[in-house]
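> 3D, please:
(chains A, B and C)
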Amino acid sequence: MAKQLYNQPSPLETRVVSKNFAIEGSETLDVYLANDGYKAFRKAREMTPEAIVEEVKTSGLRGRGGAGFPTGLKWSFVPRNSPKPRVIVVNADESEPGTCKDRLLMEYDPHQLIEGILIAGLAVDAHKGYIYIRGEYRYLIDEMDRAIDEAYAKGYLGNNVAGTGFQFDLCTHSGAGAYECGEETALLDSIEGKRGIPRMKPPFPAVAGAWALPTLLNNVETFSAIPAIIRDGGAAFAALGTPKNGGTRLVCISGHVNKPGVYELPLGFPMMKAIYEVAGGIPGGKKLKAVVPGGSSCPILRADECDIPMDYDTLAKVGSMLGSGGMVVLDETTDMVRFALRIMKFYAHESCGWCIPCREGTTWLKKILQRFYEGQGRREDISMLGELSKNMLGRTFCALGDAAALPTISIVEKFTEDFEVYLARQEVMV
Amino acid sequence: MTFSPQLEERFAKMLTRYPEGRTRSAVIPMLMYAQDEVGAVTKELIEEVARRCKVTPLQVDEVVGYYSMLHRKPQGKFHVQVCTNISCLLVGGEELYEHAKKKLGVGHKQTTADGQFSLEEVECMGACSWAPAVEINYDFHHFVTPEKLDQLIDDLRKAGLRKAQ
Amino acid sequence: MADIVKLTIDGREIQAEKGKLLIEVARQNGIEVPAFCYHEDYTLQAACRMCLVEIEKTPKLQVGCTTPVAEGMVVRTDSDIVKKSRKGMVEFLLTNHPLDCPVCDKGGECELQDMTFRYGAGESRFLERKIHTDEKQWSPVVYFDAPRCILCYRCVRACNEGMGVGALGVGNRGAISEIVPNHGDHLECDECGLCIDICPVGALTSGAYRYQTRPWEMEHVGTICTHCADGCKTTLGVRNDEIIRGNNRDRSGINNEFLCVKGRYAFDFTKHPERLQSPMMKTEKGYEPISWSQALEVVSTKFSEAKARGGKFGVIGSNHTTNEENFFLAKFARQGLGTNNIDHHRTGDLATFFDALSGKTDPLATTHDVYSAKAVLVVGADLAQQHPFLSFQARANFRHHNAHIYAVTSGPVREDNQAVASVRVQKGGELAGVESLRDKLKAEGDLVIVFGDSVQGDALRKLVAFGDSLGIPVKYVCLVDYSNSRGAFDMGVIPRDGGMSREQMLAATDLDVLWVVGSNPLKSAAIASKQAFVVVQDLFMTETARQADIVLPSASAYEKSGTVTNVCGEVQRLKQAIKVMGTKTDLEIFGQLAKEMGLNLGIWLPDKVFEEIRKTVHGYGVSPALLAMGPVPTRPLNGRVAALPGAIQSSGDTLFTSGSLTPYSEILNNVMEAPGKLYGGQGQ
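Here you go, the predicted model:
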């Protein structure tokens, strides 16, 4: 019997991490076990840690949180022979505007996530895990707690996971509303009970992370992909995507589309096809103006730049990023000044305040854009927006500064005409 | 200061979850859950959490202002959070927020006189593909139109909470 | 032998120790790398981004404050992009920073002003509204103006790491981030003022100094603080013969950037309205002012008379007069008055100490040793209260070198936070506590033992024997209070050769003359002799002065030159900052009295007296040239020291009291902290 999901699935999807979503009771352990659950874990239990990491490397899986760092490589950085115990931390802070996928993974397939965490535990010899979930997702904290309790009760967490003698303890940890806590080192400070301020690297979390312990930190979707990779082999996962961009990912399509939703598409899926076939095209037949490819932190793409396959390397080549998978579609009616303003309001609000350029830069840019939007802009403001953004770019303590600067620079440069419209309007009014 | 038995049990478990001597980690989750019961992060609550987590009240106070969801003043019984970030913006999120202001008669981070409702313009809450999105307390609502928001508020005025559809 | 690497900065080939921070290496080679948040004593931040430099083969600019130098590194600090980056950072900072210079205390010594002049733009492009919040007062001393704050977090680190107090934190987020005090709207802390001095801008300002003057209107005089025995250097800002402020911003002296509330602010006793400015004579109508010539005549006549008929003299010297004054007074007593009855308020058992150390090589720890030793053991003392600089040194030792700290005290002390082991004992039972740490201490590389007055006499000998038995190098600090107790002892203001102790003098019913210099024994004791002629030299009408026949107004330590010896035996020079009308230095009073009495005790100029001290006082043969540059350690008498009669007791002062000066310092009285209560330790 068909379960009511938040959006209708698309026949163009390739279901790997979302393969259980539509199954009734997919969030229960029994249903999970009946659908390939823990096959991967048992297989991994017989593998050496090195072999597990190799398999993940082969899969070409790259961090699904936004940075896209090769996952297998990241796992290999955790020193297994450290005298300090290693710990797994799951980044479920999902706050990148445009992104709503980790929510579904925790709601519809929590045990898949747990299994992925357990396999990571095997790979780096870790026996403790924490799932850092953003505070707004309280119902999902409750849901993960329930699934974790279920796993403990049935012997899939604790001293003897699935009867294999492996020991692992897992719990959730609530955030309290801070986008910066999605940055891995800021998350670590937050999980230690402090303000979410990012840390200097080195040391990297793999060596000294949560509570100065070697920490393996990855996004929810990254961990969720692990069971499939171990079960069916890294090569099979890799083959679904493009070279060096293996597998599939959950793409959150939103904005001006007829069928907004979260769809699992293989890496390399054509962007135009995603917009027009998967998401049903633009309402009212309007023209495409721009696309935010992977969350608000990415440089924006003009319509004529969107005829590309969606993978990390291609997006990087065209000067943007695949990012968090949050694809926002803007049609011709979109006021780019208003859009840029809203983006900068977000970053100014979420800036942790640690370093001068981000804290003062985002605030200043927001005020300029606000003034411009309210009809008090000057021609010099347009170039100043770009210049100030470039004074932030690459000079901040963490990537939030870049995340604020990049979209702003791209909007000002690619949609200067929208700013010109405002200036023209002001002249008329004068 | 004591809390309900359920909350006490949750706190007791929380304090054992983190590595030895690292009870500071429990500060933020404790504040989040206690806030629901106490109504706001009061000075008393700060001191209580500090005592239980073995940190100074200053160390607890520092985090309260940093995290958006911790508030020092009580909110309404139903805290209406309307997202106006990019995905919601494109499909009428800002207009929805303006509508909410009129409907409730309060502005950003303000509470109605009867204490029933408070309103906040929030950042992306992770419902982008089902926008416009509204969170009331911890319940998500998708594809919210002004009419639907009116209905939600009116229903809440009467009783109960509805789960995310 | 550390690895040396070769790198290039701005085209210059430079050699440096591998792993050292780029910003340090550049600065040591005269290449300027600006920074707000970088401070070599505290944790690295990389928050201000001013120190961004270009490093070849890295795509982005790198911060110099966290980048270690490496072989073959090619760095440019003077390229266009670096200049642009610095200009950009200053510009960002000035967007919310208010243009308060005309009304801001920091004007003229403000790092942001300096940075703007050097690296910033001449005009502002910022048209928007600045974020404003009102100024706050957090304590009688500390004012905070959030808009001026550049969020460099130096104050937070200084308070938390340096002082170990942790009264400052950071609240909120983003551009409205703000420094917050530990009690919501006010501070409860040591009131040391380190946060104010370490603030690069005028965000934190001093309530004692604000709005009074500009830094360039003051003459800055570096001298030694007159309160506790640590011997911190305090730089007094003087204008029109008035001390306006004290700080240690130039970080000279043994104490680097450290000063406690007394060193920084409690100079205000010098201008208290009750300051004695004229000699006073007791009459039936009370105390009448008389002239100096009159006073000296009366005193010299009385002294000469008493001496002629073989009368009994009692001389009680001071714990904070200079070495020169102490030396001269001891000479006056023994040669001039023919008496051995000379003593001072002894706050540590130095006699037993030196006797027990006799024959050892180099057993005294300097203040630097407390910072550099592998282990520090604190016995029976609450350093944070009575010796805050030693506390700072031990804590810095822990922070920078992971030194092992141990505390054996009767109550909680601040050192507990860094200690490997803390043992609580009853007062007097310290030795047992120390013994319990034997195994741990034996394993240390070296050790400094700091002990308070409850370890005296036999217990002190046992402590030294314990140190000997560990088989590792051990150095000692015998804690004494007040600014020159060591000097008083070393110069001979002690009842050796059968002289009477303080208590004995006061109990002697046949005492003919009691001469009290800079001390207040009659606060807690009575004088038995009804016929004693009492002469008191002091700054105020203390309890003792109010029983004197003649009161002579003397100068404080900030009003004279000379030398003092700190608790670790380091001699340092005082430099006169001001002169208070009507007073004379104690040395001058001694000299003129001697002249009136026809005694030949030598020239009473500080330099001349010090020459004599160098020649005749064991361990004080220090080079004047070295002394001009900084502290010089003295060596104790390397021979047996006879026991002295009389009691030894610590002053029990805290951060907010300073012996008889306490009632006369408005700052100390305004500050509301309960002494010792907050941080444990009731003053041993």
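> all strands for the stretch 201-350 of chain A, in order.
In the stretch 201-350 of chain A, the strands defined using DSSP state E, counting those that start in this stretch lie at A:215-219, A:248-255, A:261-266, A:269-270, A:288-292, A:301-302, A:309-310, A:326-331.
> tell me the strands beside the second one, with direction?
Note on strand A:248-255: by DSSP bridges, its sheet partners are strand A:261-266 (antiparallel), strand A:326-331 (parallel).
> who are the contact partners of the closest residue to residue A:99 other than its chain neighbours?
Among residues not flanking residue A:99 along the chain, residue A:326 sits closest, at 3.8 Å (CB to CB, 6 or more residues apart in numbering or on different chains). C-beta: built from backbone N, CA, C; applies to glycine. By CB atoms under 8 Å, 6 or more residues apart in numbering or on different chains, the contact list for residue A:326 reads A:96-100, A:252, A:254, A:292, A:294-296, B:87, B:128.
> using JSON lines, lay out these together with neighbour count and pLDDT.
As requested, the contacts of residue A:326 are exported to JSON lines (neighbours: other CB atoms under 10 Å in any protein chain shown; pLDDT from 0 to 100):
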{"residue": "A:96", "neighbour count": "25", "pLDDT": "97"}
{"residue": "A:97", "neighbour count": "30", "pLDDT": "97"}
{"residue": "A:98", "neighbour count": "29", "pLDDT": "97"}
{"residue": "A:99", "neighbour count": "33", "pLDDT": "97"}
{"residue": "A:100", "neighbour count": "31", "pLDDT": "97"}
{"residue": "A:252", "neighbour count": "32", "pLDDT": "97"}
{"residue": "A:254", "neighbour count": "28", "pLDDT": "97"}
{"residue": "A:292", "neighbour count": "30", "pLDDT": "97"}
{"residue": "A:294", "neighbour count": "27", "pLDDT": "96"}
{"residue": "A:295", "neighbour count": "27", "pLDDT": "96"}
{"residue": "A:296", "neighbour count": "28", "pLDDT": "96"}
{"residue": "B:87", "neighbour count": "31", "pLDDT": "97"}
{"residue": "B:128", "neighbour count": "32", "pLDDT": "97"}
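> just give the closest residue to the residue positioned nearest the centre of chain A, not the sequence neighbours.
Using CA atoms, centre = their mean, the residue of chain A that lies closest to the mean C-alpha position is residue A:65, 2.7 Å off. Leaving out its chain neighbours, the residue that sits closest to residue A:65 by CB to CB, 6+ apart is residue A:219, at 3.3 Å.
> for chain B, just list every one of the strands.
B:78-83, B:110-111, B:117-122, B:134-136, B:139-141 (DSSP state E).
> out of those, nearest to chain A?
Chain A lies closest to strand B:134-136 among the strands of chain B, at 6.3 Å (CB to the nearest CB).
> give me the phi and psi angles of residue C:448.
The phi/psi pair for residue C:448 (degrees, to the nearest 10) reads phi -120, psi 130.
> quick check: beta-bridge partners of it?
With DSSP bridges as the rule, residue C:448 is bridged to residue C:376, residue C:475.
> which residues does it contact?
So residue C:448 contacts C:365, C:369-370, C:373, C:375-377, C:474-477 (CB under 8 Å, 6+ apart).
> nearest to chain A among those residues?
residue C:375 (23.8 Å).
> per-residue pLDDT, that closest one?
We have a pLDDT of 98 for residue C:375.
> that one: neighbour count?
Counted with other CB atoms under 10 Å in any protein chain shown, residues neighbouring residue C:375 total 22.
> tell me the contacts of it?
C:403-406, C:441, C:444-448.
> for residue A:113, same thing?
A:90, A:105-106, A:131, A:144, A:220, A:223-224 are the contacts of residue A:113 under CB under 8 Å, 6+ apart.
> what about it, helix or strand, and which?
Assigned by DSSP states H and E, residue A:113 belongs to helix A:110-124.
> what number of residues lie near residue C:631?
Neighbours of residue C:631 under the rule other CB under 10 Å: 24.
> go on, the one 5 residues further on?
Neighbour count for residue C:636, taken as other CB under 10 Å: 22.
> surely it is in contact with residue C:357?
Yes: in this structure, residue C:636 is within contact of residue C:357 by CB atoms under 8 Å, at 6.2 Å.
> now the common contact residues for those two.
Common neighbours of residue C:636 and residue C:357 (CB under 8 Å, 6+ apart) are C:363-364.
> re earlier: quick one: the residue nearest to the centre of chain A from chain B, how far?
Distance of residue A:65 to chain B, given as CB to the nearest CB, to the nearest Å: 13 Å.
> so where's the chain shaky on pLDDT?
Went with chain A since none was named. For chain A, applying pLDDT under 70 flags the ranges A:1-2, A:430.
> oops, chain C please
In chain C, residues with pLDDT under 70: C:1, C:637, C:672-684.
> my read is residue C:90 is in a helix, agree?
Yes: secondary structure of residue C:90 (DSSP: H, G, I helix; E, B strand; the rest coil): part of a helix.
> I'd like the distance between the residue of chain B positioned farthest from its centre and chain C.
Largest separation from the mean C-alpha position in chain B: residue B:20, at 30.3 Å (CA atoms, centre = their mean). Between residue B:20 and chain C the computed distance is 17 Å (CB to the nearest CB).
> in three-state terms, label the residue nearest to residue C:462 when sequence neighbours are not counted for me.
The shortest distance from residue C:462 to any non-neighbouring residue, by CB to CB, 6+ apart, is to residue C:431 (5.4 Å). Secondary structure for residue C:431, judged by three-state DSSP, is helix.
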